[in-house]
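*Asks:* compute the structure for the input listed below.
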Amino acid sequence: MIQFSGGCSLLGAGTDDDRSWSMQDYEGAIPRWCPGCGDLAVLTAVQRLLEDEQLPPEDTVFVSGIGCSSRFPHYMKTYGFHGLHGRALPVATGVKLRRPDLHVFAVMGDGDCCSIGAGHWIHTTRYNPNIVAIMLDNGVYGLTKNQTSPTSPKGLKSNTAPRGALLAGLNPISTTISVTNASFVAQTGDWLPDHIYATLKKAFHHKGFSFVRILQRCPAYTDQLYADAMRDPNRVELLLHPNGISVPDLEQIYKNHTYHDPADRVNAHRLAEEDGRFRLGLFYQNENMPVYEEVRAVPPKTAEEKLEILNRELDRHAV
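*Replies:* Numbers count the residues shown, from 1 in each chain. All right, here's what the predicted structure looks like:
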């Protein structure tokens, strides 16, 4: 599904200085997620970000794969591409390569990103295109009605593991930090809307591949997954640093603070290890990594030059 909002043109509409947008201007179709779904909080935070940054809808693209979270482009009044399962990142990278002037977001679920899309996830991290990747992690395949996903915690019962998941869940944070050229890795939770917003804002202003994992509840199948973190502030640990993510009001509620320099990759690995604490904030950032669309940039060609190249290639195969 390719979505076009009214009045948009990917051919380059230009931006009038006197235009402005409110959150309502970014609202697409009425969301059809389950009541209480964490996706709703993420959608609101994203629309708030677009309003505050005043991103022209015709210059903004949301790309998704398949799953509950991947209905995201339908609910945004911007350009959208609802693609195939696990393929959000190569499509988003292609859009950014062809139109580096656009603001590109990729929205994925845990199964979408970490299972069928795992290869794309690893290599997109390595390529480091300037896009924001939002992974909504509810630890289950929700759209297809309750199957174990790569991030399901050990023991979680599902239709494909009725006696409980046999293996510990994959850790998306430590995995992404480990990839060559990783440049931005952060984590937030869907029950903290201000922290979601602050995290996405930091990710948007990073030049490179920004990977944001959002711990998210599925009200139908994993509603208790992050219940401990929601009910007991002592289970949550905020990563704080002048170059990190700060939400002062939350810092008064969540007293467990860890001073962590996001430039310290070794310490980021240590903090990413699961030990019963829910760590939220910026784990790692390297602003000096080359950006793929600049490394891979191809000089523009006229229609005549393209035709000449095409004919030359066809002549190679003529009998």
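
*Asks:* which helix or which strand is home to the nearest residue in space to residue 164 that is not next to it in sequence?
*Replies:* Setting aside the residues directly before and after it, residue 164 is nearest to residue 155 in space (C-beta to C-beta, 6 or more residues apart in numbering), at 4.1 Å. To be clear about C-beta, it is placed using only N, CA and C from the backbone, and glycine gets the same treatment. Element membership for residue 155, per DSSP states H and E: none, as it lies in no helix or strand.

*Asks:* neighbours around residue 155, how many?
*Replies:* Residues lying near residue 155 (other C-beta atoms under 10 Å) number 11.

*Asks:* that one against residue 165, yeah?
*Replies:* Yes - assessed by C-beta atoms under 8 Å, residue 155 is found in contact with residue 165 at 6.1 Å.

*Asks:* for residue 143, what are its contacts?
*Replies:* Counting by C-beta atoms under 8 Å, 6 or more residues apart in numbering, residue 143 makes contact with 66-68, 109.

*Asks:* err, residue 92, not the other one
*Replies:* 61, 63, 104-106, 124, 129, 131, 133.

*Asks:* show me the two of these that sit farthest apart.
*Replies:* The distance between the two most remote of these (C-beta to C-beta) is 15.3 Å, for 61 and 124.

*Asks:* give me the neighbour count for residue 150.
*Replies:* Using other C-beta under 10 Å: residue 150 sits among 21 other residues.

*Asks:* what of residue 86?
*Replies:* By the criterion of other C-beta under 10 Å, residue 86 has 23 neighbours.

*Asks:* confirm that residue 187 sits in a helix.
*Replies:* No - secondary structure of residue 187 (DSSP: H, G, I helix; E, B strand; the rest coil): strand, not part of a helix.

*Asks:* picking up where we left off before, farthest pair within the contacts of residue 143?
*Replies:* Largest pairwise distance in those, by C-beta to C-beta, is 9.4 Å, between 66 and 68.

*Asks:* the two: which has the busier surroundings?
*Replies:* The neighbour count for residue 66 versus residue 68, taken as other C-beta under 10 Å, is higher for residue 68 (25 against 22).

*Asks:* got the contact list for that one?
*Replies:* 33, 37, 39, 109, 136, 138, 142-143, 218 are the contacts of residue 68 under C-beta under 8 Å, 6+ apart.

*Asks:* compare these and tell me which is most surrounded.
*Replies:* Tallying neighbours with other C-beta under 10 Å puts residue 109 at the head of those, with 33 neighbours.

*Asks:* now that residue. Nearest residue, chain neighbours left out?
*Replies:* Going by C-beta to C-beta, 6+ apart, residue 109 has residue 67 as its nearest residue, at 3.8 Å.

*Asks:* rewinding a little: can you lay out the contacts of residue 143 as JSON lines showing pLDDT, secondary structure and distance to residue 75?
*Replies:* Formatted as JSON lines, the contacts of residue 143 follow (pLDDT from 0 to 100; DSSP: H, G, I helix; E, B strand; the rest coil; distance: C-beta to C-beta, whole Å):
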{"residue": "66", "pLDDT": "92", "secondary structure": "coil", "distance to residue 75": "16"}
{"residue": "67", "pLDDT": "91", "secondary structure": "coil", "distance to residue 75": "14"}
{"residue": "68", "pLDDT": "90", "secondary structure": "coil", "distance to residue 75": "12"}
{"residue": "109", "pLDDT": "94", "secondary structure": "strand", "distance to residue 75": "15"}
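
*Asks:* format those residues as a markdown table; extra columns: distance to residue 292.
*Replies:* Conversion of those to a markdown table gives the following (distance: C-beta to C-beta, whole Å):
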| residue | distance to residue 292 |
| --- | --- |
| 66 | 24 |
| 67 | 25 |
| 68 | 29 |
| 109 | 24 |
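
*Asks:* tell me the one of the residues you listed nearest residue 302?
*Replies:* Among the contacts of residue 143, and counting by C-beta to C-beta, the member closest to residue 302 is residue 66, at 38.1 Å.

*Asks:* distance of the closest one relative to residue 142?
*Replies:* 12 Å (C-beta to C-beta, to the nearest Å).

*Asks:* tell me where the protein has helices.
*Replies:* Using DSSP state H, the helices of the chain run over residues 39-53, 88-98, 110-111, 118-127, 172-178, 193-204, 227-231, 248-253, 265-272, 292-295, 303-316.

*Asks:* shouldn't residue 216 be in contact with residue 138?
*Replies:* Yes - the pair residue 216 and residue 138 qualifies as a contact (C-beta under 8 Å) at a distance of 4.6 Å.

*Asks:* okay, and the common contacts of these two?
*Replies:* The contact lists of residue 216 and residue 138 share residue 38, where a contact means C-beta under 8 Å, 6+ apart.
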